[in-house]
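Enquirer: Sequence first, predicted coordinates after that:
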Amino acid sequence: MDVITTAVTAGAGEGGISAAYQMLKSRLSAQSATVADAMADVEEDPGSRSRQFALSDALAAAGLAGDRYLRAAARNLIDEVDRRRSAKTSVQANAAGVPNYAVMRLFFATDRELSGDRHPARLFGNARGPLRYGSCEVSIPRDHRMGELETPSLLRLEFRQDPEQHVVLLTAEPSERETCMAELKQSIAASGSRSALLFIHGFRTTFEDAARRTGQLAYDLGFQGTPVFYSWPSQGKLSGYIVDEANVEWTQADLAAFLSDFLQQSEAAHVYLLAHSMGNRALAKATASVIAAQPELAGRIREVILAAPDIDADVFRQQLLPALAAVPNPLTLYASSEDSGLRTAKAIHGYARAGESGAGLIVAKGVETIDASGVDTGFIRHAYFAEQRSALSDMYYLVQKQARAADRFGLRAVDSATGRYWTFRE
């Protein structure tokens, strides 16, 4: 990794608060809008190797990677961050030789094209490809805090992920559909609960991002079944919203095919469907399509959880809700106009989104709407997940205790002119 990317990652890992970081950021942003976008993506998740690679590529394309003045500023930033590093050292394996991290095995389906690079973080790119299946492994540190997607700060002059301290995508292996489905079926049967969690990511997400988030979610939810994720070809960057919209529309047929296959072949009795942001478009439409074609499969869907759905509010009310009525339990919708993905969507579309809070909050029959304004709906915002008032902490009781909104202690019912919804207790 080049020294500028290393410095940016180190500074972003500290929260981007130092003067040296802000100076380097200002100089880089002034010279290339593409580099500025790539830096913003690294700031959102400094631990993502795929985002670091994208920044390194953008620096090279802009002719900035070799600039001696920028390199000098980068080295100064690295030295400054290094001096501030605490005396904390990596937690060592215990006397029995057991590593200080858990390994989550995840299954995946994706219609991203293979990149030709065997590194797990770059195995799949952002182009469209055929539907593929596989499995991967993600590390979770033993001292992991709920809701925190642990990322590295800095090791001298070269950034390195450490599974004993960070959430890391360790391996990613594509496999034939028949092999993957057989292994998935075996994993679900071995879990005892015969349950599975299927996560569909949102806008601005790489394959690596999706895998790490799925591992973190399953671990934090204490999920006893088998975690699975579906990764569509998001561009993984802030400037990719329009392309992401086209791709999330394109992926719906593939997701529907996978979901139908999964519900029929895996023998999971309890399937939890969870999506964030733009991923809700694909999930809602694919689920509606599968239920319409095979209504007997609806009974296997235990919960449909929509976090900050970036779906046109009128389309959601008039088309998708009726189509999802066959799902046994009410849908759970976490709404927050403060969600970063929804802010981008509203700025582009102008029309209300289904995940918005405030005056446009969706309150409807068959939906348990939680106004999550002021708490996190993005699954990786550190500040909120250490507290009780978060979408993830509430989701824990929904998944673990099968508690409806009226029975979850952290929620308070609000009766409005359009019906009942819930907010988080102060």
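Expert: Here it is on my side, so go on. Treat the numbers as computed from the prediction; the structure is a model and nothing was measured.

Enquirer: where along the stretch 201-350 of the chain do the strands fall?
Expert: 226-231, 270-276, 301-307, 331-335 (DSSP state E, counting those that start in this stretch).

Enquirer: Could you identify the longest strand within the chain?
Expert: When the chain is parsed with DSSP state E, its longest strand is strand 124-141.

Enquirer: if I look at Ser266, how far off is Gln186?
Expert: Using C-beta to C-beta, to the nearest Å, Ser266 is found at 10 Å from Gln186. Glycine gets a C-beta too; all of them are placed from N, C-alpha and C.

Enquirer: Please say which of those two ends up with more neighbours.
Expert: Neighbour count, other C-beta atoms under 10 Å: between Ser266 and Gln186, Ser266 has more, with 24 against 13.

Enquirer: Test my guess that Leu221 contacts Phe199.
Expert: No - Leu221 lies out of contact with Phe199 (C-beta atoms under 8 Å); the separation is 10.4 Å.

Enquirer: Those two: which is more packed in?
Expert: Neighbour count, other C-beta under 10 Å: between Leu221 and Phe199, Phe199 has more, with 28 against 21.

Enquirer: now the host helix or strand of that one: mean pLDDT?
Expert: Secondary structure assigned from DSSP states H and E places Phe199 in strand 195-200. For strand 195-200, mean pLDDT rounds to 98.

Enquirer: contacting residues around it?
Expert: For strand 195-200, contacts defined as C-beta atoms under 8 Å, 6 or more residues apart in numbering pick out 184, 188, 210, 213-214, 217-218, 221, 223-230, 232, 255, 259, 262, 266, 268-276, 279-280, 282-283, 302, 399.

Enquirer: If any of the residues you listed are buried, put those into a PyMOL selection.
Expert: In PyMOL syntax, the buried subset of the contacts of strand 195-200 is picked out as below (16 or more other C-beta atoms under 10 Å):
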select buried, resi 184+188+210+213+214+217+218+221+223+225+226+227+228+229+230+232+255+259+262+266+268+270+271+272+273+274+275+276+279+280+282+283+302+399
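
Enquirer: and the closest residue to Gln264 other than its chain neighbours, how many residues sit next to it?
Expert: Excluding its sequence neighbours, the residue lying closest to Gln264 (C-beta to C-beta, 6 or more residues apart in numbering) is Leu297, at 6.9 Å. Residues within reach of Leu297, counting by other C-beta under 10 Å, total 18.

Enquirer: tell me the contacts of Leu297?
Expert: Neighbours of Leu297 in contact, by C-beta under 8 Å, 6+ apart: 260, 263-264, 290-291.

Enquirer: Could you list the low-pLDDT ranges of the stretch 151-300 of the chain?
Expert: Judged by pLDDT under 70, the stretch 151-300 of the chain has its weakly predicted residues at 153-159.

Enquirer: cutoff 90 now
Expert: The model of the stretch 151-300 of the chain has pLDDT under 90 over residues 151-162, 164-165, 191-193, 238.

Enquirer: Tyr351 falls within a strand, correct?
Expert: No - Tyr351: not assigned to a strand; according to DSSP: H, G, I helix; E, B strand; the rest coil it is coil.

Enquirer: In space, what's closest to it - neighbours in sequence excluded?
Expert: Per C-beta to C-beta, 6+ apart, closest to Tyr351 is Asp312, 5.8 Å.

Enquirer: partner residues bridging the one you found?
Expert: Arg353 (DSSP bridges).

Enquirer: what's the burial count for it?
Expert: Neighbours around Asp312, by other C-beta under 10 Å: 18.

Enquirer: and if you look at Ala72?
Expert: 11.

Enquirer: possible to save the strands of the stretch 201-350 of the chain as a markdown table with distance to Asn100?
Expert: Putting the strands of the stretch 201-350 of the chain into a markdown table (distance: least, C-beta to C-beta, whole Å) gives the following:
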| stretch | distance to Asn100 |
| --- | --- |
| strand 226-231 | 21 |
| strand 270-276 | 28 |
| strand 301-307 | 30 |
| strand 331-335 | 33 |
